[in-house]
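Participant: Structure of the sequence below:
(2 chains)
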Number of protein chains: 2
Amino acid sequence: MGEGVKLSEEQRLDWLRLIRSDNVGPRTFRDLVNHYGGARAALEALPGLARRGGAAAPGRICSAEEAAAELKAARARGVTFVALGEPDYPPRLQMIDDPPPLIAVRGQLAILGRPLVAIVGSRNASAAGVKFAERLARGLAEAGFGIVSGLARGIDAAAHRASLHKGTVAVLAGGHERIYPAEHAGLLEEMLAEGCAVSEMPLAWEPRARDFPRRNRLISGLALGVVIVEAARRSGSLITARLAGEQGREVFAVPGSPLDPRAEGTNGLLKQGAILVTEAADVISVLEPILGRGLEPPPAREPAQEAPGGVEPGDDERGRIVGLLGPTPTSIDDLVRLSQTSPAIVRAVLLELEIAGRLERHGGGLVSLL
Amino acid sequence: MGEGVKLSEEQRLDWLRLIRSDNVGPRTFRDLVNHYGGARAALEALPGLARRGGAAAPGRICSAEEAAAELKAARARGVTFVALGEPDYPPRLQMIDDPPPLIAVRGQLAILGRPLVAIVGSRNASAAGVKFAERLARGLAEAGFGIVSGLARGIDAAAHRASLHKGTVAVLAGGHERIYPAEHAGLLEEMLAEGCAVSEMPLAWEPRARDFPRRNRLISGLALGVVIVEAARRSGSLITARLAGEQGREVFAVPGSPLDPRAEGTNGLLKQGAILVTEAADVISVLEPILGRGLEPPPAREPAQEAPGGVEPGDDERGRIVGLLGPTPTSIDDLVRLSQTSPAIVRAVLLELEIAGRLERHGGGLVSLL
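Facilitator: Below is the predicted model of the structure:
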């Protein structure tokens, strides 16, 4: 796989503590580590950041004991943590905007280094949809692709089942100890011989509705492309398709009758330019040339503009920036211009607000106060 | 409608005689009239042409009596002949490569001047296909489009039926006295109040299998675009789609499940770039801007390079050109170059061979001996 360097066990513990702490998501994790030069320093800075950001109550910081317990429980369950930048981290996943700093993997790590295709779709799929998903998964698996999906009822389960013996990856919205839906726990066990299950959540995390869209970015992020087989008008599969597009992944859709409500979503995707799929060859012919090109270098990250632990905003600057913010999403560029400070200062203040649980980040560099 | 000039009754008779004579199709008709300056002169030249072209037996030339009888029978049946170039000739049809010199129209001529859309598809359509064709035809008719189709069972009949009261056009493969399928004669009668039936064949012509593809060029040629609703892999509807593409018409296709053999053709068209249709608005949004632009001028025809009745090939030239021809399609450009004659001479020899029933014309200016 990649060229990365493995974390020390101590670093891994710090990373886990940081990502498990309140108000720290994948993007904030990256900003914190960039700003403070490492997870340990970031952990130490959290209380001060929250205070300066005006937190109503201090956010919970994951203790070393908690993190160690999670690592131990994971080991006992055969779950391996892989950190962003480590050699086993899935190469395409690290190119998305918000890669999880740590993924917890159960089963065969090696499949994550193979070319992967996601197949997703309706939970209440039609018999024809299930049959087609199986046929497609089988065809793509035989062509050497690992099949990624979300372990849901309907299309997802059909795709996993048909590629069981060739290698398939379930991305979980909850933790490894909370398989959802529970009826697919047996299917998941069968998958582990050739495939794996991936989660970015704590082992015992019970998935909530809002964890599914978050999880969907990993389904598309792991894959070269995403095939949507049956999707109603406002379904979760369409979120996966949108995320796939934003991540620069190929989006494929299976056509259906205009009179079939389960084809509304996929036909809509086709109108928007998704690639029409009626057989595995339609997917293979598009993805093979991409494979041939190999991986492109990750998109350039915003360069760190200050030394680790660099600028700290003054009260005056902080006040100006917070004053400019409100419930309406505002661009970071505007904040820099209107506050007459530097991008570094604005980023530092936003980090404080974020850790204080007061900031919401939107797409396109927009932020608002919560 | 158009700006054209009406033929005299005498000219109309000559036109009908010429197009009803053996080995004279729409393209040959045009070449003959261009070459000899009119239908009458062309009729007089036919025997000589056939002889010089080496006809095994002389082709039948339609007599003035026969043509007069057809005109009389047509009038009795309420059928009007409209000639290419006349004001009532459908404006878009005259822009195709091989417009019929005369069309026989029964019903309302006026609908041929309105914007038309063709809806075609499988004869053994599914219930869903029929329902969708009805919905689409209704929607397009309500938006002001006349609906063109082929009066076949299944999709065609559904499209006609749903647009009966707004105006729909049936293009026949046979003559007006041989409605096919016979069970749709009643439907056709109902259509005539607001719409019409169109045929280029003699009134009593019994349609043969090969007349249907020929007829299909008129379905697409009359319309701004063609919607294919359900089509199996090698169906006649796909021929209409191909002809529509060649004529520069918009090609629309309705998606279907990859497991439905009746969607194989339409899904295939979508892969080749047809526009996906799930509702009338998908068609309207593409065609309305075309309407707004109005009709483009007909494509430039090859200019007549000699005076009417011009060059006659010598035996020597004829021999060289015929010697170059065989069963393999050859380009007219190559014939000119290799025979060291002029394009006019080559065209004249080809016309002789055609009238003699010895020439086949292929696409792209290729010809071969039969």
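Participant: helix, strand or coil for A:N267?
Facilitator: Look at A:N267: counting by DSSP: H, G, I helix; E, B strand; the rest coil, its state is helix.
Participant: and it, how many neighbours?
Facilitator: 26 (other C-beta atoms under 10 Å in any protein chain shown). No exception for glycine: its C-beta is placed from N, CA and C like everyone else's.
Participant: gap between the residue most central in space within chain A and B:A41?
Facilitator: The geometric centre of chain A, computed from its C-alpha atoms, lies nearest to A:L218 (C-alpha atoms, centre = their mean), at 3.7 Å. Separation of A:L218 from B:A41 (C-beta to C-beta, to the nearest Å) stands at 78 Å.
Participant: where's A:G146 relative to chain B, distance?
Facilitator: 22 Å (C-beta to the nearest C-beta, to the nearest Å).
Participant: Kindly provide the distance from that residue to A:R114.
Facilitator: 5 Å.
Participant: neighbour count winner among the two?
Facilitator: A:G146 (26 against 15).
Participant: Tell me if I'm right that the residue nearest to the centre of chain A and A:V171 touch.
Facilitator: Yes: if you go by C-beta atoms under 8 Å, A:L218 and A:V171 touch, sitting 4.8 Å apart.
Participant: what sits in contact with each of these two?
Facilitator: Both A:L218 and A:V171 are in contact with A:V198, where contact means C-beta atoms under 8 Å, 6 or more residues apart in numbering or on different chains.
Participant: Can you tell me the SS state at the closest residue to chain B within the stretch 101-250 of chain A?
Facilitator: Distances between the stretch 101-250 of chain A and chain B by C-beta to the nearest C-beta are smallest at A:A128, namely 4.9 Å. When classified by three-state DSSP, A:A128 comes out as helix.
Participant: give me the number of residues near it?
Facilitator: The local packing of A:A128 (other C-beta under 10 Å) involves 19 other residues.
Participant: now A:V169
Facilitator: Close neighbours of A:V169, defined as other C-beta under 10 Å, add up to 29.
Participant: Do I have it right that it meets A:L192?
Facilitator: No: if you go by C-beta under 8 Å, A:V169 and A:L192 don't touch, sitting 10.5 Å apart.
Participant: So A:S237 sits against A:G265, correct?
Facilitator: Yes: counting by C-beta under 8 Å, A:S237 touches A:G265, with 6.4 Å between them.
Participant: Next, the contact list for the closest residue to A:Q340 other than its chain neighbours, please.
Facilitator: In space, and not counting its chain neighbours, A:Q340 is closest to A:R320: 7.6 Å by C-beta to C-beta, 6 or more residues apart in numbering or on different chains. A:R320 is in contact with A:S339, A:Q340, A:T341, counting by C-beta under 8 Å, 6+ apart.
Participant: Tell me the residues that contact both of A:S237 and A:G265, please.
Facilitator: A:I228, A:E230, A:A231.
Participant: now those as CSV including pLDDT, secondary structure and neighbour count?
Facilitator: Shown next, in CSV, are those (pLDDT from 0 to 100; DSSP: H, G, I helix; E, B strand; the rest coil; neighbours: other C-beta atoms under 10 Å in any protein chain shown):
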residue, pLDDT, secondary structure, neighbour count
A:I228, 98, strand, 28
A:E230, 95, coil, 31
A:A231, 94, coil, 30
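Participant: doesn't A:N34 make contact with A:R347?
Facilitator: No: shown here, A:R347 and A:N34 do not form a contact pair, counting by C-beta under 8 Å, at 9.1 Å.
Participant: any idea which element A:L49 lies in?
Facilitator: Assigned by DSSP states H and E, A:L49 belongs to helix A:39-52.
Participant: Go through that helix and flag the buried ones.
Facilitator: When burial is assessed from 16 or more other C-beta atoms under 10 Å in any protein chain shown, helix A:39-52 yields the following buried residues: A:A39, A:R40, A:A41, A:A42, A:L43, A:A45, A:L46, A:L49, A:A50, A:R52.
Participant: how far away is the first one from A:D97?
Facilitator: I take that to be A:A39. 20 Å.
Participant: before we move on, what about the second one?
Facilitator: Using C-beta to C-beta, one gets 25 Å for the distance from A:R40 to A:D97.
Participant: Show me which residues of the stretch 51-200 of chain A sit near chain B.
Facilitator: A:A128, A:K131, A:F132 (C-beta under 8 Å from any C-beta of the partner chain).
Participant: Closest to A:R12 out of those?
Facilitator: Nearest to A:R12, judged by C-beta to C-beta, of those is A:F132 at 42.0 Å.
Participant: quick one: contacts for the closest one?
Facilitator: Applying C-beta under 8 Å, 6+ apart to A:F132 gives the contacts A:V229, A:V254, B:S257, B:P258, B:L259.
Participant: Torsion angles phi and psi at the residue of chain A found nearest chain B?
Facilitator: Using C-beta to the nearest C-beta, the single residue of chain A nearest to chain B is A:P255, 3.2 Å away. A:P255 adopts backbone torsions of phi -70, psi 160, taken as degrees, to the nearest 10.
Participant: residue boundaries of the helices in the stretch 251-370 of chain A?
Facilitator: In the stretch 251-370 of chain A, the helices defined using DSSP state H, counting those that start in this stretch lie at A:264-271, A:280-293, A:315-324, A:332-339, A:343-355.
Participant: Residues touching the second one, excluding its own?
Facilitator: By C-beta under 8 Å, 6+ apart, the surrounding residues in contact with helix A:280-293 are A:115, A:117, A:135-136, A:138-140, A:142-143, A:145, A:224-225, A:227, A:250, A:252, A:275-277, B:271.
Participant: One more: the first one?
Facilitator: Counting contacts by C-beta under 8 Å, 6+ apart, the residues outside helix A:264-271 that touch it are A:228-235, A:237-238, A:241, A:251, A:253-256, A:258, A:274, A:276, B:255, B:270, B:276, B:278, B:282.
Participant: avg pLDDT for the one helix or strand A:A157 maps to?
Facilitator: Using DSSP H and E, A:A157 falls within helix A:155-162. On average, the pLDDT along helix A:155-162 is 98.
Participant: residues making contact with it?
Facilitator: So helix A:155-162 is contacted by A:119-123, A:125, A:129-131, A:133-138, A:141, A:147, A:149-151, A:168, A:170, A:184, A:187, A:191, A:195, A:229-230, A:237 (C-beta under 8 Å, 6+ apart).
Participant: what's downstream of that helix, the next helix or strand?
Facilitator: strand A:168-171.
Participant: Would you quantify the distance from the residue located most distally from the centre of chain A to A:S342?
Facilitator: The outermost residue of chain A, judged against the average C-alpha position, is A:D316 (36.5 Å), by C-alpha atoms, centre = their mean. Separation of A:D316 from A:S342 (C-beta to C-beta): 14 Å.
Participant: Can you pull out the low-pLDDT segments for the stretch 201-350 of chain A?
Facilitator: Scanning the stretch 201-350 of chain A for pLDDT under 70 picks out A:293-310.
Participant: which bits of it sit near chain B?
Facilitator: Close to chain B, as judged by C-beta under 8 Å from any C-beta, the stretch 201-350 of chain A has residues A:254-260, A:263-264, A:267, A:270-271, A:276-279, A:282.
Participant: Just list the residues touching the residue of chain A closest to chain B, thanks.
Facilitator: Residues in contact with A:P255 (C-beta under 8 Å, 6+ apart) are A:263, A:266-267, A:270, A:276, A:278, B:255-258, B:263, B:267, B:270, B:276.
Participant: Could you identify which of these has the most neighbours?
Facilitator: Using other C-beta under 10 Å as the neighbour criterion, A:T266 leads the contacts of A:P255 with 32 neighbours.
Participant: who's in contact with A:A42?
Facilitator: A:A42 makes contacts with A:L18, A:L32, A:V33, A:H35, A:Y36, as judged by C-beta under 8 Å, 6+ apart.
Participant: Of the residues you listed, just say which sits nearest to A:C62.
Facilitator: Distances from A:C62 to the contacts of A:A42, taken by C-beta to C-beta, are shortest for A:L18, at 7.5 Å.
Participant: how many other residues sit next to that closest one?
Facilitator: When neighbours are defined as other C-beta under 10 Å, A:L18 has 26 of them.
Participant: And A:A76, by the same measure?
Facilitator: For A:A76, the neighbour count with other C-beta under 10 Å is 9.
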